[in-house]
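S.K.: this one's structure only:
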């Protein structure tokens with residue numbers, strides 16, 4: 001299932017970069033680009049995208065007003081805000097208006113891809129299901145990790161919080177059987193080496209456990225499970 005994305009940004013080159021990032025993220029396609037509030041409303045009505053990648057600073061109006069206007073016409077449209085606005089009230093207002101995530105500019109493309117993959121996992125978990133399991137709900141509303149008497153370990157250099165959240169979501173969803181590094185890479189879109197770095201970090205922090213599974217030949221497989 002491919003999810004369509006409308007990219008809204010007043011800077012054409014930034015919008016193009018975001019569109020390329022969307023198209024390079026498996027399971028997504030860029031449906032179009034809008035450079036103003038009025039164009040965003042028109043294109044959303046024409047394209048009916050699953051997700052709008054929305055800047056808040058537009059030349060003819062507020063991105064938050066665009067969000068509200070589009071949701072009046074199509075309540076099923078979701079919004080991922082990408083903006084330089086970082087004051088707490090704007091972030092809270094975007095959340096109250098229905099934004100599914102918020103990414104502060106400037107950011108790395110890997111952070112955008114991580115949020116897109118998290119959105120897709122949550123979208124697919126809830127699509128067409130009359131009832132949900134806690135693991136499905138956790139994809140939509142990421143749950144805090146149990147402290148177990150210790151503070152969360154800081155991420156090592158080279159690891160990012162959005163991607164760590166994505167790996168955590170994959171681990172939680174596959175409890176109790178767990179994941180190998182290869183399976184985690186397939187589910188998150190990371191390389192196997194990167195997936196293993198995050199899995200080993202969670203293990204070192206005491207938030208995941210690793211077990212060896214022996215096959216008939218070759219080296220044993222390392223499988224990781226989330227500690228509930």
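M.R.: That came through, no problem. This structure is a prediction, so every number in the text was calculated from the model and none was measured.

S.K.: when you work out contacts or count neighbours from here on, use the C-alpha atoms and nothing else.
M.R.: Fine.

S.K.: following the record's annotation, map out the domains of this protein.
M.R.: Following automatic domain parsing, one finds the domains of the chain at 3-107, 131-226.

S.K.: any idea how far apart the tips of the longest one sit?
M.R.: Think domain 3-107. 22 Å (CA to CA, to the nearest Å).

S.K.: what mean pLDDT does it get?
M.R.: Per-residue pLDDT over domain 3-107 has a mean of 93.

S.K.: repeat for stretch 116-130
M.R.: Mean predicted lDDT for stretch 116-130 stands at 72.

S.K.: could you export the domains of the chain as a markdown table, including mean neighbour count and distance to residue 118?
M.R.: Formatted as a markdown table, these follow (neighbours: other CA atoms under 10 Å; distance: least, CA to CA, whole Å):
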| stretch | mean neighbour count | distance to residue 118 |
| --- | --- | --- |
| domain 3-107 | 18 | 10 |
| domain 131-226 | 16 | 6 |
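
S.K.: now render the ones you listed as TSV, adding distance to residue 124.
M.R.: Formatted as TSV, the domains of the chain follow (distance: least, CA to CA, whole Å):
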stretch	distance to residue 124
domain 3-107	10
domain 131-226	9
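
S.K.: would you confirm that residue 203 contacts residue 210?
M.R.: Yes: between residue 203 and residue 210 there is a contact at 6.8 Å, judged by CA atoms under 8 Å.

S.K.: so who does residue 80 touch?
M.R.: Residues in contact with residue 80 (CA atoms under 8 Å, 6 or more residues apart in numbering) are 51, 52, 53, 54, 99, 100, 101, 102, 103.

S.K.: helix, strand, or coil at the nearest residue to the fifth one once chain neighbours are set aside?
M.R.: So the one you mean is residue 99. Using CA to CA, 6 or more residues apart in numbering and skipping residues adjacent in sequence, the residue nearest residue 99 is residue 79, 4.9 Å away. Secondary structure assignment for residue 79 (DSSP: H, G, I helix; E, B strand; the rest coil): strand.

S.K.: from residue 205, how far off is residue 79?
M.R.: 33 Å.

S.K.: list the contacts of the most centrally placed residue in the chain.
M.R.: Nearest to the mean C-alpha position of the chain, by CA atoms, centre = their mean, lies residue 115 at 2.2 Å. When contacts are counted by CA under 8 Å, 6+ apart, residue 115 touches 101, 162.

S.K.: doesn't it belong to a helix?
M.R.: Yes: under three-state DSSP, residue 115 falls within a helix.
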